[in-house]
Each structure stands twice: as structure tokens, then as C-alpha cells.
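S.K.: this one's sequence-less:
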């Protein structure tokens with residue numbers, strides 16, 4: 001992606017940030033800050049900000065994600081030609097450095113309709129610089145947190161399933177240079193990592209789904225996880241990854257803690 005567009009999007013991000021934060025002086029990047037969700041200190045929010053209300057319908061952001069031929073081609077290779085552009089992106093998601101934050105990372109799920117989400121890095125992102133991350137294979141587990149294949153309301157079992165997925169699945173961080181596009185499946189457990197560098201992570205997010213996706217809200221999950229996806233027509237359409245046995249991907253200390261949490265949550269593995 002041309003640097004003029006990523007730089008423009010970074011400038012747009014700064015147009016939304018509280019004026020007492022000086023872009024050229026990292027010493028001012030402390031204390032209370034407001035985004036479109038709440039007002040809180042950077043420390044409390046682990047440096048993560050979300051700007052939607054004033055920017056998510058900006059025509060240039062829409063063009064970057066839905067009018068971009070290579071982006072749309074990549075998404076359509078996953079969910080088909082019936083994927084159409086939308087009238088809004090998810091917004092701009094900067095992550096400020098908070099190297100003092102806890103090492104604990106908790107995965108999350110989204111409660112709105114989409115099939116694929118795109119995270120576009122507007123600048124270089126290091127592994128410890130707020131990179132997006134997923135739990136490999138967790139979509140086979142977390143699908144059970146939704147009543148239907150296209151439903152987007154979380155069920156009460158989501159926390160128990162999160163603990164199971166974090167214990168059984170490998171946590172994968174996804175760094176990349178400016179212009180990197182991360183595409184991830186809507187049932188993957190995911191989170192941005194803590195930014196422990198000295199620079200801000202800048203990203204633009206957008207959702208994609210087929211024009212008939214919402215018609216499938218009440219359809220039950222089937223044994224063919226990839227039914228309706230172009231992937232289902234390929235020879236490798238089976239499970240590309242099976243979640244590993246409990247504890248195989250965790251350190252001994254984390255394994256003990258997770259096993260205890262799973263036991264308390266009455267999770268059946």
C-alpha cells in the first residue's frame with residue numbers, strides 16, 4: 001500500500017487523539033485519554049484505543065478497505081464472490097506503548113456479524129509492539145459459543161470455552177511491516193498484544209461477509225466447518241489444525257494455573 005495512504009490514515013488517527021498528547025513527545029503519552037468507548041488512563045486500557053464514531057464512515061478509509069482490488073481479491077478467495085463492500089470500516093485502532101502492563105493476555109470474541117476481519121498495519125509492527133494475535137485452531141472450540149453458524153450473540157458458555165481454547169491452542173503473534181494485511185476467521189479467539197516498544201502501533205480494521213450471510217443466523221453448525229466457503233472445494237478442506245491436548249502448548253506455571261481455572265469453570269476437555 002502506498003505510504004501516502006498509510007501516513008494519511010495515521011494523521012487522521014491523531015486528529016482524534018486528545019490534544020494534551022503531543023505526537024512528537026512520548027513523555028506526554030500518559031494519563032487519562034478518551035476514545036469512543038470510555039475515558040480512562042492508558043495504563044488501565046493497556047494502551048489500546050478505538051476511534052469509530054468520527055472516522056468509520058470516512059470515504060477514504062472505506063476506499064482503502066473496500067475499494068482496494070488486492071484486498072477484496074484476498075477476502076473473496078476466502079468467502080467467495082458474493083462478498084461485497086460495506087458502507088463503514090470498523091475504525092482506527094492505535095495501541096500506545098505500555099511496557100509496564102501485566103504479561104497476562106486474555107483472548108476475546110466479537111459480538112457482531114462478520115465472516116472475516118481485516119487488520120491493516122499502517123506502520124511497521126513488531127511482535128512485542130501491539131501485534132495482532134490469535135489462538136491457532138480455536139475457531140473449532142469457540143464456534144460453540146454461538147447458537148448458529150452466522151449468529152453473533154455470545155452464549156453464556158463463552159468464558160469456559162475461552163479458558164479451554166487458551167489452554168489447548170497455540171498463541172500465535174502476527175507482526176509485519178507497514179501495509180501488512182491480517183485476515184482472520186470470525187470464530188478465532190484473538191487479541192492485540194501489549195505494546196512494549198517505544199512507538200505507537202497504528203491499524204485500520206474492517207469487517208467482511210457475504211451478502212447472504214445474515215440469512216444463515218439460525219442455521220446450526222454442521223460437521224463441515226467450511227461449508228459455503230471456497231476453501232470447501234479444495235482437497236485440503238479438512239481440519240488444517242487440530243487443537244493440541246490440554247497443556248501441551250503452555251509453560252508449566254501457566255499450565256497449572258489454566259488447569260485450575262478450567263476445573264473451577266467445570267470445562268470438559
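M.R.: Here it is on my side, so go on. Fair warning: this is a prediction, and the values are worked out from it, not measured in the lab.

S.K.: in the stretch 1-150 of the chain, which spans are strands?
M.R.: With DSSP state E, counting those that start in this stretch as the criterion, the stretch 1-150 of the chain has strands at 32-34, 39-41, 91-92, 116-121, 132-135.

S.K.: List the residues that contact residue 96.
M.R.: 29, 42, 47-49, 195, 200 (Cβ atoms under 8 Å, 6 or more residues apart in numbering). C-beta here means a position set from N, CA and C on the backbone, and glycine is covered the same way.

S.K.: hmm, back to that, among the strands of the stretch 1-150 of the chain, which comes closest to residue 218?
M.R.: strand 116-121 (20.9 Å; Cβ to Cβ).

S.K.: Run through who's touching the closest one.
M.R.: Outside strand 116-121, the residues that reach it (Cβ under 8 Å, 6+ apart) are 1, 64-65, 71, 75, 78-79, 90, 93, 110, 132, 176-186, 201-209.

S.K.: before we move on, back to that, just name the closest of the contacts of residue 96 to residue 223, please.
M.R.: For those, the nearest to residue 223 is residue 48 (37.0 Å; Cβ to Cβ).

S.K.: mind listing what the closest residue to the closest one other than its chain neighbours touches?
M.R.: Nearest residue to residue 48, sequence neighbours excluded (Cβ to Cβ, 6 or more residues apart in numbering): residue 95, at 5.2 Å. Listed by Cβ under 8 Å, 6+ apart, the contact set of residue 95 reads 46-49, 130, 192, 195, 200-201, 203.

S.K.: Who does residue 95 form a beta bridge with?
M.R.: Counting by DSSP bridges, residue 95 forms beta bridges with residue 48, residue 201.

S.K.: Residue 134 too?
M.R.: Assessed by DSSP bridges, residue 134 has beta-bridge partners residue 172, residue 190.

S.K.: residues contacting it?
M.R.: Contacts of residue 134 (Cβ under 8 Å, 6+ apart): 171-172, 174, 184, 188-190.

S.K.: Go through those residues and name the one nearest residue 150.
M.R.: Distances from residue 150 to the contacts of residue 134, taken by Cβ to Cβ, are shortest for residue 188, at 15.6 Å.

S.K.: which residues does that closest one contact?
M.R.: Counting by Cβ under 8 Å, 6+ apart, residue 188 has contacts 134-135, 138-139, 142.

S.K.: May I ask which of those has the most neighbours?
M.R.: Tallying neighbours with other Cβ atoms under 10 Å puts residue 138 at the head of the contacts of residue 188, with 27 neighbours.

S.K.: gap between residue 173 and residue 46?
M.R.: Per Cβ to Cβ, to the nearest Å, residue 173 is found 15 Å from residue 46.

S.K.: For residue 171, which non-adjacent residue is spatially closest?
M.R.: residue 135 (5.6 Å).

S.K.: Double-check the one you found against residue 167; I have them as touching.
M.R.: No - look at residue 135 against residue 167 with Cβ atoms under 8 Å: they stay out of range, at 9.6 Å.

S.K.: Quick check: chain neighbours aside, which residue is closest to residue 180?
M.R.: For residue 180, ignoring the flanking residues on the chain, the nearest one in space by Cβ to Cβ, 6+ apart is residue 121 at 4.5 Å.

S.K.: partners of the one you found in the sheet?
M.R.: residue 203.

S.K.: what residue ranges in the chain are flagged as low confidence?
M.R.: Applying pLDDT under 70 to the chain flags the ranges 231-269.

S.K.: could you show me where the helices are in it, in order?
M.R.: 3-14, 59-66, 69-79, 139-142, 158-168, 252-264 (DSSP state H).

S.K.: contacting residues for residue 216?
M.R.: Residue 216 sits in contact with 148-150, 228, where contact means Cβ under 8 Å, 6+ apart.

S.K.: Filter those residues down to the buried ones and hand me the PyMOL line.
M.R.: Buried residues among the contacts of residue 216 (16 or more other Cβ atoms under 10 Å), as a PyMOL selection:
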select buried, resi 149+150+228
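
S.K.: closest to residue 23 among the contacts of residue 216?
M.R.: residue 150 (40.9 Å).
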